[in-house]
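In: Mind looking at a prediction? Sequence and model below.
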Amino acid sequence: MPMKIWKTRPPHSVIIEILKKKGALTDTELFNHLKREFDDLGYKDFNELLLHLEVGSKINTVSLSRGKRHIELV
């Protein structure tokens, strides 16, 4: 029976690292980068992470078109 291993880095810190390295991204690009490290991450969880980071003044999101956002570090 395979064991689940806890991730050593929380997803919100990985989001910040990705944005530092890649610069501003769209939400789908950022989700795809994050999904490579966290297989079980859903889009709803991703949106909650973005909300917490934006409320904490770590990131800024701008709506580009219907259903698409531009995400950048503050």
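Out: Arrived safely, thanks for sending. Numbering: from 1, shown residues only.
In: Now do the contacts for the residue most central in space within the chain.
Out: Residue closest to the average C-alpha location in the chain (C-alpha atoms, centre = their mean): residue 15, at 4.4 Å. Contact partners of residue 15, counting by C-beta atoms under 8 Å, 6 or more residues apart in numbering, are 30, 34, 49, 50, 53, 59. Glycine gets a C-beta too; all of them are placed from N, C-alpha and C.
In: Point out where this protein drops to low pLDDT.
Out: Along the chain, the parts satisfying pLDDT under 70 run over 1-4, 6-7.
In: Show me where it has its helices.
Out: Under the criterion DSSP state H, helices of the chain are mapped to 11-22, 27-37, 43-55.
In: closest one to residue 69 among those helices?
Out: Evaluated over the helices of the chain, closeness to residue 69 peaks at helix 27-37, with 4.4 Å, by C-beta to C-beta.
In: sorry, back to before: pick the one among the contacts of residue 15 closest to residue 10.
Out: The closest of the contacts of residue 15, once distances to residue 10 are taken by C-beta to C-beta, is residue 49, at 9.1 Å.
In: Does that closest one touch residue 12 like I think?
Out: Yes. Look at residue 49 against residue 12 with C-beta atoms under 8 Å: they come within range, at 5.4 Å.
In: Turn the helices of the chain into TSV, including distance to residue 66.
Out: As requested, the helices of the chain are arranged in TSV below (distance: least, C-beta to C-beta, whole Å):
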stretch	distance to residue 66
helix 11-22	23
helix 27-37	12
helix 43-55	16
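In: Figure out which of those is closest to residue 67.
Out: Within the helices of the chain, the stretch nearest residue 67 is helix 27-37; the backing value is 8.7 Å (C-beta to C-beta).
In: Show residues contacting that closest one.
Out: So helix 27-37 is contacted by 7, 11, 14-15, 18-19, 22, 25, 41, 43, 46, 50, 61, 68-69, 71 (C-beta under 8 Å, 6+ apart).
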